[in-house]
Every structure is written in C-alpha cells, then in structure tokens.
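# Coordinates for the following, if possible.
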Amino acid sequence: MAEYWDLYNEHGEYLGENVARGNPIPSNKFHRVIHIWIINENREYLIQKRSTSVTWHPDKWSTTTGSVQSGNFDLLEEAYRELFEELSLSKNEIDLEFVREITIGQSLISIFVGFIPIYMIKNIAYNNEVSDVKWMSKYKIMELKELGKFVPFSEELFKIIFKLKL
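Residues are numbered from 1 along each chain as shown. Alright, predicted model coming up:
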C-alpha cells in the first residue's frame, strides 16, 4: 500500500492535496517531516544506523526522522509514532518537547527533543529500518558527518540542536 504525504504552502497551511511517497513534490508546495533528537544525562545524542535495505541514505547514521503521513495533523503524535515505529519507545518512556519548525527545500521540518537516561538504550528494539543504535557526542556526530557516514542534514539543523541548553 502506498504511503501519502499531505501538501502545505510555505506558511504550513494544509492545501487539501497529497502526493504519493516517491513522487516529486509540486513546485511551491511542501510536505511535513519530523526530527527527534534524544539526549541523555551526559548530553550525548541517541543516534541510529539506517538499515542497508532502506532507500533514503542506507547504512548511514541519523537521528529519528520521518515524514508525516497523510491525514495526520498532530505533529507530536506523529513524533511519538516515529519513535515507536523505529525504536519501540512509547509515550510512557519519553516526553517530547517541540523546539521549532524550519523549512529546508520542500520540507517543513518540526524539531522535537526528548530525554532518556543512558541505561534505557537496552530497552530499545528497532525495526527493519534501523540496524544499530548508540549514544554519541555532538563532536563524534560531526566527525561522522565529515566522513560522509551521517545523513547530510543541513548546517542550520545542526546549529539549532547543538545550541539548545538541554
């Protein structure tokens, strides 16, 4: 079954249209994406290695991300859906906080942050989209990025995340 994404204007207003995943997004229209950055008490970030079987940046490290599915307008609920889908973390295990929204290309990216203690990594059970998880400092993440081993998110996104006083 095909996955669909709703389309929005540059102000984030729903246009009543959608597009099937994999099809080009029409000019001057946008789709919504969720980014979730999880930290621990040592200010390390939980990153996940994307499976070799996924089409978008296989075998690269990333944070938990995903496109908002058509008909879903509660961005916090979509963030929890992505967390559960990719890492089996539920609302009872982590509180997410909305940081801000940025536009990159034709994506309206909603950034969320959450906290779990270091030991909870053992509770994570990932699916076929994820092949590994680990805690990593921002310096190690940037090192992976420079080596081409981290999904090439925009500099703006990294600046927002790494400047947060968490």
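
# quick one: the lowest-mean-pLDDT helix or strand in the chain to chain centroid distance?
Least confident element among the helices and strands of the chain, by mean pLDDT, DSSP states H and E: helix 155-163 (a mean of 91). Computed by Cα atoms, centre = their mean, to the nearest Å, the chain-centroid distance of helix 155-163 equals 14 Å.

# Go ahead and confirm residue 138 touches residue 42.
No: using Cβ atoms under 8 Å, residue 138 is not in contact with residue 42, being 11.4 Å away. For the C-beta atoms, the positions are set from N, CA and C on the backbone; glycine is no exception.

# C-terminal to the helix ranked longest in the chain, what's the next element?
Scanning the chain for the longest helix, with DSSP state H as the assignment, gives helix 75-87. Once the chain leaves helix 75-87, the next helix or strand it forms, by DSSP states H and E, is strand 96-104.

# With just CA atoms, put that following strand into PDB.
What follows is strand 96-104 as a C-alpha-only set of coordinates in PDB (Å, rounded to 0.1, in the frame of the first residue of the first chain):
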ATOM      1  CA  LEU A  96       9.000  15.100  23.800                       C
ATOM      2  CA  GLU A  97       9.200  18.900  23.500                       C
ATOM      3  CA  PHE A  98       8.600  20.800  20.300                       C
ATOM      4  CA  VAL A  99      11.700  23.100  19.600                       C
ATOM      5  CA  ARG A 100      10.800  24.800  16.300                       C
ATOM      6  CA  GLU A 101      10.000  24.400  12.700                       C
ATOM      7  CA  ILE A 102      12.300  25.200   9.800                       C
ATOM      8  CA  THR A 103      11.900  24.900   6.100                       C
ATOM      9  CA  ILE A 104      14.600  23.100   4.100                       C
END
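
# So what touches that strand?
Outside strand 96-104, the residues that touch it by Cβ atoms under 8 Å, 6 or more residues apart in numbering are 10, 12, 30, 36, 75-76, 79-80, 83, 108-114, 154, 156-157, 160-161, 164.

# Generate a ChimeraX selection restricted to the buried subset of those residues.
Selection of the buried residues among the contacts of strand 96-104 in ChimeraX, burial being defined by 16 or more other Cβ atoms under 10 Å:
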select :30,36,75,79,80,83,108,109,110,111,112,113,114,157,160,161
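
# per-residue confidence for the nearest residue to residue 90 once chain neighbours are set aside?
Leaving aside its sequence neighbours, residue 90 sits nearest to residue 84 (Cβ to Cβ, 6 or more residues apart in numbering; 5.9 Å). On the pLDDT scale, residue 84 is placed at 94.
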